[in-house]
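1. for reference, the sequence and a predicted model appear below.
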Amino acid sequence: MGFNIVLSSPSGAGKTTITKKLSQKYPNIKVSISHTTRKPRPNEIDGVDYHFVDVNEFENLIKKNNFYEHAKIFDNYYGTSINSVNKLHEQNYDVVFDIDWQGTKKLSEYKELNLIKIFILPPDKSELKARLINRNQDNNQTVEKRLKQYENDIKHWSDYDYIVINKDLESCFNQIEKIIKSHKRKKMSFI
Ligand code: 5GP
């Protein structure tokens, strides 16, 4: 099995950009595509950003034990499919999970995954608000909801192995690359 890396952050801290950048730069890294009942945003593609499903379908998948973990976030379900992740493992890919703290806690119970857990933080709350407004994906009410959620999310930083502040994207990305490379080096020295 390759590496399993969790990247969590409050919404708007830049995590999605970083996960995409990692998989573009490193062909051996694939992002785990979650299922969600959230409606797609205008720039999102089904099967690429998420598997977009309705509540019925999601609840059926829960009943069939299809998920490593699932959580309700902002009134929508999100879940990590066991089948999709297993397929990536069979092909020896390193897998990046873009999931929240609840998912990270549950995924950590699968010791065989040997998760590397990274928490990305925005420099401060006002910067986060500016980013949420600038990315223009959510209405005012949703932005306020996400800001409230921020307070709750950051309480869970101590569940992670690394905390990276995303002041600017390049240096945040470089730090994450360094973390992954150092784990790879350690693993190689054991072989
Ligand atoms: P968004 O709606 O902005 O794409 O994602 C909202 C939150 O859901 C983010 O914190 C994201 O990391 C989290 N998320 C996405 N997929 C999953 C998943 O499969 N499981 C869990 N627990 N959280 C997820």
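-> Arrived safely. Computed from a predicted model, the values in this text were never measured in an experiment.

2. what residues does this protein have near the ligand?
-> Residues of the chain lying close to the ligand (CB under 6 Å from any ligand atom) are 11, 34, 38, 69, 71, 73, 78-80, 98-100, 102-103. Heads up, the C-betas are built off the backbone N, CA and C, glycines and all.

3. residues making contact with the host helix or strand of Ile5?
-> Following DSSP states H and E, one finds Ile5 within strand 4-8. Here strand 4-8 makes contact (CB atoms under 8 Å, 6 or more residues apart in numbering) with 15, 18-19, 94-101, 103-104, 107, 113-120, 153, 156, 160, 176, 180.

4. counting neighbours, what do you get for the nearest residue to Gly103 once chain neighbours are set aside?
-> Counting by CB to CB, 6 or more residues apart in numbering, Gly103 lies nearest to Glu69, which is 4.6 Å off, once chain neighbours are set aside. Neighbourhood size, Glu69 [other CB atoms under 10 Å]: 21.

5. how about the strands of the protein, start to end?
-> For the chain, the strands defined by DSSP state E cover 4-8, 29-31, 35-36, 51-52, 67-73, 76-81, 94-97, 116-121, 162-165.

6. need the ones you listed in CSV with distance to Cys172 and mean pLDDT, can you?
-> Formatted as CSV, the strands of the chain follow (distance: least, CB to CB, whole Å; pLDDT from 0 to 100):
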stretch, distance to Cys172, mean pLDDT
strand 4-8, 10, 95
strand 29-31, 16, 95
strand 35-36, 25, 98
strand 51-52, 27, 98
strand 67-73, 23, 95
strand 76-81, 23, 97
strand 94-97, 14, 96
strand 116-121, 7, 94
strand 162-165, 6, 94
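
7. make a markdown table out of the ones you listed and add distance to Gln137.
-> Formatted as a markdown table, the strands of the chain follow (distance: least, CB to CB, whole Å):
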| stretch | distance to Gln137 |
| --- | --- |
| strand 4-8 | 19 |
| strand 29-31 | 18 |
| strand 35-36 | 14 |
| strand 51-52 | 15 |
| strand 67-73 | 15 |
| strand 76-81 | 14 |
| strand 94-97 | 21 |
| strand 116-121 | 18 |
| strand 162-165 | 22 |
